[in-house]
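[1] Turn this into a model:
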Amino acid sequence: MYYYIRLLKNTPLEAVIQEPFKMVFTITTDLTEKFYESPCKLRCQTVVRTPSTVPGATKDDTVMTIMPQGLSQGFSLDYDPKIGYCSVDLRLAPCMTIYDECQLVLSLDPAPYSTNQNGAKVLVEPPEYEILPAWSLPIHLKPAPLNFAKKTKHRKVNRKYLIDTRQDLVERYFKLPAHLSGAHGPGRSLLVREDANEGFMARHIWDSGVFMTKYLMLPDSWLSKYMNDKKKEATLEAMSAVSISEEGLTPSSSSIPTRKRVCLELGAGTGLVGIAVAVAFPELSVLSTDLDEALALMQQNVDANLALLPSNNMEVGFLDWAEKDRKVEPVEILLLADVVYNDLSHEYLLQTVLDYSDKDTKVLLGYKFRHEAEQKFFDKAKEYFDIVNVHQQDTMELFVLTRKRKIMERQAERNREMAAAKRSDTRTPFREAELSFLSRHPPPDYSQALDFRKPHEELLRNPKVKLVSLQKPLNEFCPLFGSEEDQGVGRSKYAFLHEDHPGLIYIPAGFTPAAQRTLVKACLKDYSRHPNKSNLDTHYTVPDSGLWDLHENVFYGKREADDPSVLLPRKANTDVHAGGYGSDDDDEDEDEESNKKPKKAKVSVRTLVPIMDDTPTVPDNVPKTDPEPSAHVPILPPGQLVRKMRWITLGYQYHWPSKTYHFDQNAPFPPELCVLSKAVVEAIHGVGPYPYAAQDFVAEAGVVNYYQLKDRLMGHVDRSELNKDAPLVSFSFGHSCIYLLGGATREKPPTPVLLQSGDILVMTGPCRSAFHGVPRIIEGTLPSYLQQSQEDREWDIYAEYLAEARINLNIRQ
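    Numbers count the residues shown, from 1 in each chain. A predicted model of the protein is given here:
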């Protein structure tokens, strides 16, 4: 088992000599579900790179040198598990002035001392588990100004660069064994970058990956022995071919190897194991694969180790285990590290392994026990493979899987065909549509989506689309939609209906740019305050003034990002339900394929209530037990935590676990939203086939959904409202998205709609009970009027948030 030093607040892009900067670190397991439980001493050192003077070295070859006096403050650090993190002030010493850049390495102090009761210095016991050091990315050094009392103005850095390369990443180094150091030069190490904090799990280094990397590179590892045996076989075959040729006979074609030696890694994450194998065995062509959120970082790691890959024998690629009808060829080696933790993916993983293997393929599976459900994979795999344990360390094991032959092989082939047929049959049209827009390689065809902003003549070529006029322009019902003087895309007086979706009313460009800005500010600043609740309230003590005010204080420089006064404390001191920020889904019917992370088993509270055929909704006597707060959610600066906010409930508060409303918890509904929603209902009166009198409509409940660019809302049905006759009114702001609207079941093919900023969507009649979802937020679609502007600097903080987000506001009775 390994522990990892993680930087919650990373080093700056550049630092001024002798000027302090902060770093916040913690020590956790690979999945950050557990803190290191013992106090320990750490040391922080500066490392510089200088050109190598070794004969034959190229200009790119450098030597890393530790500077013992590189830090004048912060070189000795104490980790206290009771706090869970440590915030330190670092200061670079004047001796660093001669260098252009340096890196910081945070590691366990190899010989720390402590004072006993008698005042004597004694050595501290070494930790039970290995703690992996963390390396910062290179820091550009600036000399100290002559006037030390004067603050140095740092240059403004592109925020995207900060996110991609600074605040999310640290470096880990893995020293090459002696037999490989001889080939690549003494002191060489693998360099792999990973998420510094919570991030995507796919961008973390996992324990089995470290375990496999260190073992497989050894000269006596199972893979080293296998590769040596293959070399001997190839040599004997070559000698046999030469002997035959000398006798005047034609060499047998079977003696010439025709199969390319390919090593395929599944679920590669950071690419650590694949890089190690490519370095240790240059005769193999290594392809490391994963879903696309991991590919950019994986490619960075391959590029960072090119000096160790002179034969350029490694590539990265996209591979979705759930993909159907793959036409592939078996490979020689399959690498799998920590891939069986999610029992929902076992069927797809096993099918992928079968697709890429034959009787000669060797499957190397690194495994760390996490929960009992993982055993299901091994039980299924035994039908097709002989499984041998070749190495073990603590709770980690390395298995070699070899395909069974003859009778079992034929049975396995039949099982594969049945599994493929079953997988094809279980894909509903709604799920197929979701997957098509979730795909990133190749990218989706957005031209399939219905764009109601197109010219009317073009839209009406679709015989299923109908253009209707509202009672009068929206801004005549309510000035909050925007005034006639505003320049922009608002003041819509038309709506559209769709033949396949009776009850759908779509009003494009319902808000002017100025009106959109006003509502965005309200969604982020005003509506996020108590008594309205958010998903963050489960785990954090959120002040009544909300999180956005704290974010403003940091954004405008009134407080530092790590100032305790702006950090939300955890509610829990002990972990009861670890992980998570609460649900951002609205229905229990979520597709099982949509959640790829392991979950603890839970009992649906709906089973506690008798539901009759004539029951319009779930009764209010459903037990509403709130989820327990977790002691392991990270303490993050407001600017990062605000992006963890997924929803805010307005009016009657919604209880996400039971999918019911708290009728005893009714927060005051924002009056402007009452006016806006009633105006929409009045404007569409008589337009659709399911009219609802505006005087009867009362805005009583609402949800503000906050989407980041990678977020999605899987297909579901709203089942919780008592009144299904009243319209549901939905407003969209920020990036565009793909909205799928289906029918009463997933079997009906959905219609994809391009939902854009300022559009209004109204669902009435049967649409209220239709499957719908948002599989894709489309990057780069933020309107220019919602981006940063020199004319309105107060808008900058909202523009900065919207640069990677979409907001949906829906209102119900």
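[2] next one: phi and psi at Gly366?
    Dihedral pair for Gly366: phi -90, psi 130, per degrees, to the nearest 10.
[3] what bridges to it?
    In this entry, Gly366 is beta-bridged to Ala337, Leu398, by DSSP bridges.
[4] Is it in contact with Leu336, as I believe?
    Yes. Judged on C-beta atoms under 8 Å, Gly366 makes contact with Leu336 at a distance of 6.8 Å. Bear in mind the C-beta positions are built from the backbone N, C-alpha and C, glycine included.
[5] hang on, Ala509 is in a strand, isn't it?
    No. Applying DSSP: H, G, I helix; E, B strand; the rest coil, one finds Ala509 to be coil, outside a strand.
[6] any idea how far Phe481 is from it?
    Ala509 sits 10 Å away from Phe481, going by C-beta to C-beta, to the nearest Å.
[7] Which of the two has more residues huddled nearby?
    Shown here are Ala509 and Phe481; by other C-beta atoms under 10 Å, Phe481 has more neighbours (27 against 22).
[8] What residues does the more buried one make contact with?
    Taking C-beta atoms under 8 Å, 6 or more residues apart in numbering, we find Phe481 in contact with 474-475, 490-491, 510-512, 515, 676, 679.
[9] Okay, and which of those map to helices?
    Here DSSP state H is the test, and the contacts of Phe481 give 474-475, 515, 676, 679 as lying in helices.
[10] tell me which of those residues is nearest to Ala693?
    Relative to Ala693, the closest of these is Ala679; by C-beta to C-beta it sits at 13.8 Å.
[11] how many neighbours does that closest one have?
    Neighbours around Ala679, by other C-beta under 10 Å: 21.
[12] Against Ala337, how distant is it?
    Distance from Ala679 to Ala337, by C-beta to C-beta: 57 Å.
[13] Same question for Asp562.
    34 Å.
[14] Just put the contacts of Phe481 in TSV and tack on distance to Ile807 and pLDDT.
    Shown next, in TSV, are the contacts of Phe481 (distance: C-beta to C-beta, whole Å; pLDDT from 0 to 100):
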residue	distance to Ile807	pLDDT
Leu474	19	88
Asn475	21	84
Gly490	17	41
Arg491	21	47
Gly510	15	92
Phe511	12	92
Thr512	17	91
Ala515	14	93
Leu676	15	94
Ala679	20	93
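[15] now the residues you listed in JSON lines, with distance to Lys521?
    As requested, the contacts of Phe481 are exported to JSON lines (distance: C-beta to C-beta, whole Å):
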{"residue": "Leu474", "distance to Lys521": "20"}
{"residue": "Asn475", "distance to Lys521": "19"}
{"residue": "Gly490", "distance to Lys521": "17"}
{"residue": "Arg491", "distance to Lys521": "21"}
{"residue": "Gly510", "distance to Lys521": "18"}
{"residue": "Phe511", "distance to Lys521": "13"}
{"residue": "Thr512", "distance to Lys521": "15"}
{"residue": "Ala515", "distance to Lys521": "11"}
{"residue": "Leu676", "distance to Lys521": "15"}
{"residue": "Ala679", "distance to Lys521": "20"}
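[16] with those in mind, which one is nearest to Phe437?
    Gly510 (24.1 Å).
[17] tally of neighbours for the nearest residue to that closest one once chain neighbours are set aside?
    Residue nearest to Gly510 in three dimensions, not counting chain neighbours: Ile760, with 3.9 Å by C-beta to C-beta, 6 or more residues apart in numbering. Ile760 has 25 neighbours, counted by other C-beta under 10 Å.
[18] Same check on Lys232?
    9.
[19] go on, Lys710?
    Look at Lys710: counted by other C-beta under 10 Å, it has 13 neighbours.
[20] How about Pro531?
    Using other C-beta under 10 Å, Pro531 has 12 other residues around it.
[21] Can you give me every residue that contacts the residue nearest to Gly510?
    Ile760 touches 506-507, 510-511, 680, 729-732, counting by C-beta under 8 Å, 6+ apart.
[22] On the pLDDT front, check the residue nearest to Pro766 when sequence neighbours are not counted for me.
    Nearest residue to Pro766, sequence neighbours excluded (C-beta to C-beta, 6+ apart): Gly503, at 5.1 Å. According to the prediction, Gly503 has pLDDT 94.
[23] Same check on Tyr367?
    92.
[24] Over to the one 3 residues further on?
    Each residue has a pLDDT score; the one for Arg370 is 83.
[25] where's Asn808, which helix or strand?
    Assigned by DSSP states H and E, Asn808 belongs to strand 805-812.
[26] Helix or strand with the lowest mean pLDDT in this structure?
    Using mean pLDDT, DSSP states H and E, the weakest-scoring helix or strand in the chain turns out to be helix 159-162, at a mean of 32.
[27] Tell me the first helix or strand C-terminal of that helix.
    Beyond helix 159-162 on the C-terminal side, the first helix or strand identified by DSSP H and E is strand 169-175.
[28] Convert that following strand to CSV, retaining C-alpha atoms only.
    Listed next in CSV are the C-alpha coordinates belonging to strand 169-175 (Å, rounded to 0.1, in the frame of the first residue of the first chain):
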residue,chain,number,x,y,z
LEU,A,169,-0.6,18.6,-11.6
VAL,A,170,2.4,17.4,-9.7
GLU,A,171,5.3,15.3,-10.8
ARG,A,172,6.3,11.8,-9.5
TYR,A,173,9.7,10.3,-10.3
PHE,A,174,10.4,6.5,-10.4
LYS,A,175,14.0,5.5,-10.5
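[29] next one: it to chain centre, how far?
    Its chain's average C-alpha position is 21 Å from that of strand 169-175, according to C-alpha atoms, centre = their mean, to the nearest Å.
[30] What lies in contact with it?
    The contact list for strand 169-175, computed with C-beta under 8 Å, 6+ apart, reads 6-7, 10, 103, 132-137, 187-196, 205, 210, 213-214, 272, 276, 297.
[31] Now the buried members of those residues.
    Buried subset of the contacts of strand 169-175 (neighbour count, 16 or more other C-beta atoms under 10 Å): 6-7, 10, 103, 132-137, 188, 190-196, 205, 210, 213-214, 272, 276, 297.
[32] Just the ones in helices from those, please.
    Of the positions in the buried ones among the contacts of strand 169-175, 210, 213-214, 272, 276, 297 sit in helices, assigned by DSSP H.
[33] Can you lay out those as JSON lines showing pLDDT and distance to Leu264?
    Output for these, formatted as JSON lines (pLDDT from 0 to 100; distance: C-beta to C-beta, whole Å):
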{"residue": "Val210", "pLDDT": "92", "distance to Leu264": "20"}
{"residue": "Thr213", "pLDDT": "93", "distance to Leu264": "17"}
{"residue": "Lys214", "pLDDT": "92", "distance to Leu264": "21"}
{"residue": "Leu272", "pLDDT": "94", "distance to Leu264": "15"}
{"residue": "Ala276", "pLDDT": "94", "distance to Leu264": "15"}
{"residue": "Leu297", "pLDDT": "86", "distance to Leu264": "19"}
